[in-house]
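>>> Need coordinates for the following:
(2 chains)
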Amino acid sequence: MIEGLLSSGMALPAMFVAFGVLIGVLFGFFGMGGSFLVTPALLVMGYPSRVAVGSGLAFVFGTAVIATLKHRDLGQVDYKLGVSMIIGTTIGLEVGKEMVVYLEHLGMAGFIISVTYIGLLGGIGVFITYTALKGGGGGGIDHDEADGEVDADDIPDIAKKIQSYRIPPMMTLRGGIQVSLWMVLLVAFATGLLSGLLGVGGGFIRMPALFYVIGVPVPIAVGTDLFEIVFSGGIGSLMYAQLGAVNLGIVVPLLAGSALGARVGSAATSLVDEEGIKIYFGLMLLGGAVAVAVQEAGKGLDIGIAEPISLVLILASALMVAGAVVVSSVRALRTEDEGPTPAAAD
Amino acid sequence: MIGLSSLPVEALQTVGLVLVEAMVLYVGYGALTSALEPRLSEALRNR
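Below you'll find the predicted structure:
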């Protein structure tokens, strides 16, 4: 298993470390999102579908372990909910993995995974860009809100409706929320299926689903989501590792860079307003969607230049947003040091 | 589904290595951040 680490020389691991730093800055700052650039990047680089998905999952697993260790200390994990979700997620993961293997057999795995990515990245990218332009929230974790308590009145209407369906067995979550176990399993299955199919943690869907569908307060949804990703990522990695589809030559340098970047990104949250940068995040996702679309079009039309163009698009998109976070932080640090202007002091 | 008998040692080693790396990075970067963050912030302010 170490052969993968040694066979690729130094240039490729160095590139993965650098890419990991970019992704880590995004994950540390926005609390989500970096990991679902990994699998498309690996696909664009020409790795087989199962290696791109399996290595993406192993990377997500490592990232989630680090993030959960932080959230555990803040008491933001509902272990009962997390463990219940593992059942649904595991079934979803297995179905997703079997779908990848079957689609590979049909020779369609790369195409289907790419099209799903284009839909997901494009859809979420449009939503986030639209809400950022309108000045609304959504599409990301509000760091301040995640650190505070959410009032019971803040539970979304759809979650209240779902909580009213009392299909036994019912389970009581933290904060006295009662919900049917079946709803929990359904959300877990859907996100597990996406994880197994796309090699992502599923957090960018699970976290909003826990809040909007089940009604879990945001701080607990964030911590429980990460706790759950440790298991879904771990089990998913194990499934793909059994197929020999986890490339440590990719995962090890990527994780080393990402853990460093996450420190920078998470430090930046106390300096920079997320709202000002959210539009770049939306544009980055759209850039990812365009990159995968260009790659698929290049394959279909047999255009060789499409692949490097896709890779440059993905890297440039991530670099743009990570750069915006770092530059804004440094500016904020200097402005902070200059002290309040006379007008502000009033 | 995963059965204990069907888990090759190499698959467990691969995932175990990622887990160990994550924990080492958490502790290592945590110590590094505590040591360097104040100096780095100061240096950025003064540049």
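
>>> Apart from its chain neighbours, what residue comes closest to residue A:38?
Leaving aside its chain neighbours, residue A:38 sits nearest to residue A:56 (4.6 Å; criterion: C-beta to C-beta, 6 or more residues apart in numbering or on different chains). Quick note: C-beta positions are derived from backbone N, CA and C, even for glycine.

>>> next one: residue A:40
residue A:292 (4.9 Å).

>>> which other helices and strands contact the host helix or strand of the one you found?
Residue A:292 belongs to helix A:274-301 when assigned by DSSP states H and E. If you count contacts as 3 or more C-beta pairs under 8 Å, 6 or more residues apart in numbering or on different chains; DSSP states H and E, helix A:274-301 packs onto helix A:11-30, helix A:38-44, helix A:109-134, helix A:306-338.

>>> Would you mind listing the buried residues in the third one?
Going by neighbour count (16 or more other C-beta atoms under 10 Å in any protein chain shown), the buried part of helix A:109-134 is A:109-110, A:112-114, A:117-118, A:120-122, A:124-125, A:128-129, A:131-132.

>>> For it, which helices and strands make contact with it?
helix A:38-44, helix A:49-73, helix A:79-106, helix A:181-198, helix A:274-301.

>>> swap in the second one?
The contact analysis (3+ C-beta pairs under 8 Å, 6+ apart) places helix A:38-44 against helix A:49-73, helix A:109-134, helix A:274-301, helix A:306-338.

>>> Only C-alpha atoms, please: export it in PDB.
Extracted as PDB, the C-alpha positions of helix A:38-44 are listed here (Å, rounded to 0.1, in the frame of the first residue of the first chain):
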ATOM      1  CA  VAL A  38     -11.500  16.500  -4.900                       C
ATOM      2  CA  THR A  39     -13.300  13.800  -6.800                       C
ATOM      3  CA  PRO A  40     -14.000  16.000  -9.900                       C
ATOM      4  CA  ALA A  41     -10.300  17.000  -9.900                       C
ATOM      5  CA  LEU A  42      -9.200  13.400  -9.700                       C
ATOM      6  CA  LEU A  43     -11.600  12.500 -12.500                       C
ATOM      7  CA  VAL A  44     -10.300  15.400 -14.600                       C
END
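
>>> picking up where we left off before, let me know whether the residue nearest to residue A:38 touches residue A:47 as I believe.
No - Residue A:56 is beyond contact range of residue A:47, at 9.8 Å (criterion: C-beta atoms under 8 Å).

>>> Looking at these two, which one has more neighbours?
residue A:56 (33 against 20; other C-beta atoms under 10 Å in any protein chain shown).

>>> Around chain B, which positions in the stretch 101-250 of chain A sit nearby?
A:234, A:235, A:237, A:238, A:239, A:241, A:242, A:246, A:248 (C-beta under 8 Å from any C-beta of the partner chain).

>>> between these, which has the most around it?
residue A:246 (32 neighbours).

>>> show me what contacts that residue?
A:51, A:54, A:55, A:57, A:58, A:237, A:240, B:11, B:14, B:15, B:18 (C-beta atoms under 8 Å, 6 or more residues apart in numbering or on different chains).

>>> Most neighbours among those residues, which one?
Neighbour counts for those (other C-beta under 10 Å) peak at residue A:57, which has 38 neighbours.

>>> pLDDT at the spatially closest residue to it that is not a sequence neighbour, what is it?
Distances taken as C-beta to C-beta, 6+ apart put residue A:236 closest to residue A:57, at 4.1 Å, once the chain neighbours are dropped. Residue A:236 is assigned a pLDDT of 85 by the prediction.

>>> and residue A:236, how many neighbours?
Neighbours around residue A:236, by other C-beta under 10 Å: 34.

>>> I'd like the next helix or strand past the host helix or strand of it.
Assigned by DSSP H and E, residue A:236 falls within helix A:218-242. Using DSSP H and E, the helix or strand that follows helix A:218-242 towards the C-terminus is helix A:248-268.
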